[in-house]
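# Pasting the sequence and the predicted coordinates here, then a few questions.
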Amino acid sequence: MLRSTTLLLLLTLPALSAETISGPAVVVDGDTIELQGAQIRLYGIDAPEAAQTCENATGRTYPCGRTAAHALAGQIGTNPVTCEPVKTPKRERVVAVCRVGHEDLSAWMAAHGQAIAERRASPAYLRQESKAWATRRGLWAGTFVEPMDWRHANRRAEVTANPPAND
């Protein structure tokens, strides 16, 4: 059963990457939603990972990854989400511009300081990020490790802590 479901999902990914999809969404983390059974990464931003922590303006540690996910979930609410796929990267997860009504969710997350603009992908959300930085909103109110750097450091720590078994 699991194999057939996985196969069906893999067969539908090329179709999803070309078509607009809409419906109720489930927030996976601050830059990923699940829509119609597919994981969709919000285009142009990078949000803290679910387990990531940051420091607020007073230096107190807080769960910024969970905060970003809750902010995205709050913005979506019970509204349907419409996603226009931009590309399907190597990992076969769809990357899309997603909206609730006319509100671009990536722009909203960057403007509220819950995600950073993904400069490698596009400069599309740099203006929103700059406004959040200037007003010290969200992540910009304190200090944080960029999500990509945090992922890299934590993967390396995980590999070091759990080295592969020698056969």
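That came through, no problem.
# which residue is nearest the centroid of the protein?
Centroid check for the chain by Cα atoms, centre = their mean gives residue 31 as the closest residue, at 1.4 Å.
# can I assume that residue is in contact with residue 108?
No: judged on Cβ atoms under 8 Å, residue 31 makes no contact with residue 108 at a distance of 11.7 Å. C-beta coordinates here come from the backbone N, C-alpha and C atoms, glycine included.
# what about residue 106, which helix or strand?
Following DSSP states H and E, one finds residue 106 within helix 105-111.
# can you give me the mean pLDDT across that helix?
Throughout helix 105-111, pLDDT has a mean value of 97.
# now do stretch 23-32
pLDDT averaged over stretch 23-32 gives 97.
# again, but for stretch 123-134
Mean predicted confidence for stretch 123-134 is 95.
# What are the buried residues along that stretch?
Across stretch 123-134, burial judged by 16 or more other Cβ atoms under 10 Å covers 124-125, 128-129, 132-133.
# Among the residues you listed, which one lies nearest to residue 26?
residue 125 (22.8 Å; Cβ to Cβ).
# Could you verify my assumption that the closest one touches residue 44?
Yes: with contact defined as Cβ under 8 Å, residue 125 counts as touching residue 44 (4.9 Å).
# Return every residue with contacts to both of those two.
Common contacts of residue 125 and residue 44 (Cβ atoms under 8 Å, 6 or more residues apart in numbering): 106, 110, 117-118.
# counting contacts, what elements does the helix holding residue 106 pack onto?
Applying 3 or more Cβ pairs under 8 Å, 6 or more residues apart in numbering; DSSP states H and E, one finds that helix 105-111 contacts strand 38-42, strand 45-46, helix 64-76, strand 94-100, helix 126-134.
# Measure how buried residue 22 is and give me the count.
14 (other Cβ atoms under 10 Å).
# ok, what's across the strand from it?
Beta-bridge pairing of residue 22 under DSSP bridges involves residue 82.
# So it sits against residue 81, correct?
Yes: contact criterion Cβ under 8 Å: residue 22 and residue 81 qualify, at 6.8 Å.
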